[in-house]
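1. Sequence isn't available, so here's the structure alone:
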């Protein structure tokens, strides 16, 4: 006989992330993935019409989460390690809750590492909230029944820090030029990737995942043409003229702020090479400021969350 009181269904709007038994990692906007898939192996023997089927090795999908600035420092330190090319593995769980924030289901994962981080576009004219997309690659996932306990949120995590796409600043430090805070109007979105390598060994049914090489993207930014002359000259000397630049590397940072102008996090980039300059279309009927879009190759990037003091970059050399 079926149960007269089956468990009530619940919406997918309330969820939480745990890392290394830390139940207060924070709030994130959305999550997808995290499923389990098993391949089917077929074998046909002799003149039999039927195919014998058996289950092969399981595969565990990546978690793809969308986060803002409401996570705890544990999560952002994990991101900082990823930017530096380190492979820090975490155990944890994705917890689903009902309308009353009571835990209903868990997906526990082990030996997870960050394999991709998509940084959003920053635009001085865009006042909408911005979010990063983080891909977490686990080695194993287990579906566990929820404990029924209420999710715990600290006041710091419950108070969302609004990260708007218009609150940013870009500092450029080309050594042959004067250090300058650019009047940057737009920074295109970019993605860091670290493709995992699957390693099958022993009697383990699923593959171990080894981190590969991290791939740093090109950085595209837009500034007024009135500020672009030093970069034009730098690109003409090294990009067009072919002058070597073992010392004249371009370093800099991108800083983001909340609506109260308090720093949220900073991205440092090193070893920049200007490789493209595109000037806006000229139109006699246009009243917009003339701008130039530059593209720059990056050798390395670093991430600092609320610990790096942006004003230190402005100190005298």
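-> Noted; the coordinates are in hand. The structure displayed is predicted, hence computed values, not measured ones.

2. how close does residue 14 sit to residue 31?
-> 12 Å (CB to CB, to the nearest Å). Glycine gets a C-beta too; all of them are placed from N, C-alpha and C.

3. Same check on residue 47?
-> 50 Å.

4. Have a look at these two and say which one is more surrounded.
-> For residue 47 versus residue 31, the count of surrounding residues by other CB atoms under 10 Å is larger for residue 31: 20 against 5.

5. Report the beta-bridge partners for the more buried one.
-> Residues in a beta bridge with residue 31, per DSSP bridges, are residue 65.

6. Enumerate every residue touching it.
-> 15, 17, 63, 64, 65, 66, 94 (CB atoms under 8 Å, 6 or more residues apart in numbering).

7. Mind checking which of the residues you listed are buried?
-> Buried members of those, scored by 16 or more other CB atoms under 10 Å, are 15, 17, 63, 64, 65, 94.

8. Could you tell me how far the fifth one is located from residue 293?
-> For residue 65, the distance to residue 293 (CB to CB) stands at 30 Å.

9. and what of residue 27?
-> 35 Å.

10. again, but for residue 242
-> Counting by CB to CB - residue 242 and residue 293 are separated by 23 Å.

11. out of these two, which sits in the more crowded spot?
-> Neighbour totals were compared for residue 242 and residue 293, and residue 293 leads with 17 against 8 (other CB under 10 Å).

12. Where do the strands of the stretch 101-250 of the chain begin and end?
-> Along the stretch 101-250 of the chain, the stretches classed as strands by DSSP state E, counting those that start in this stretch are 103-119, 122-123, 132-137, 140-145, 168-174, 180-182, 186-187, 190-199, 208-215, 219-224, 250-257.

13. Parallel or antiparallel, list what pairs with the second one.
-> Pointing back at strand 122-123 there. When DSSP bridges is applied, strand 122-123 pairs with strand 186-187 (antiparallel).

14. next one: the last one
-> Next to strand 250-257 in the sheet, as set by DSSP bridges, lie strand 168-174 (antiparallel), strand 263-279 (antiparallel).

15. JSON lines for these, including mean neighbour count?
-> Shown next, in JSON lines, are those (neighbours: other CB atoms under 10 Å):
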{"stretch": "strand 168-174", "mean neighbour count": "19"}
{"stretch": "strand 263-279", "mean neighbour count": "17"}
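
16. where among these is the average confidence lowest?
-> The minimum mean pLDDT among these belongs to strand 168-174 (a mean of 85).

17. Would you mind giving the orientation angle of it with respect to strand 219-224?
-> Regarding strand 168-174 and strand 219-224, their directions subtend 100 degrees when assessed with axes from the mean of the first three to the mean of the last three CA atoms, to 10 degrees.

18. can you give me the offset of strand 168-174 from its chain's centre?
-> 21 Å (CA atoms, centre = their mean, to the nearest Å).

19. do stretch 79-97 as well
-> 11 Å.

20. Offset the numbering so it begins at 359, please.
-> In the new count, where the first residue is 359, that last one comes out as stretch 437-455.

21. Can you get me the start-to-end distance on that stretch?
-> 26 Å (CA to CA, to the nearest Å).

22. can you check stretch 602-619 too?
-> Terminal residues of stretch 602-619 are spaced 40 Å apart (CA to CA).

23. do stretch 592-600 as well
-> 11 Å.

24. Could I get the buried residue list for that stretch?
-> By 16+ other CB under 10 Å, the buried positions in stretch 592-600 come out as 592, 593, 596.

25. how long is stretch 524-543 end to end?
-> Using CA to CA, first and last residues of stretch 524-543 are 9 Å apart.

26. which of the buried residues of stretch 592-600 lies closest to residue 637?
-> residue 593 (12.4 Å; CB to CB).

27. Excluding sequence neighbours, find me the nearest residue to the closest one.
-> Closest residue to residue 593 apart from its sequence neighbours, by CB to CB, 6 or more residues apart in numbering: residue 632 at 4.4 Å.

28. which residues sit in contact with that neighbour?
-> Counting by CB under 8 Å, 6+ apart, residue 632 has contacts 589, 592, 593, 596, 597, 608, 652, 653, 654.
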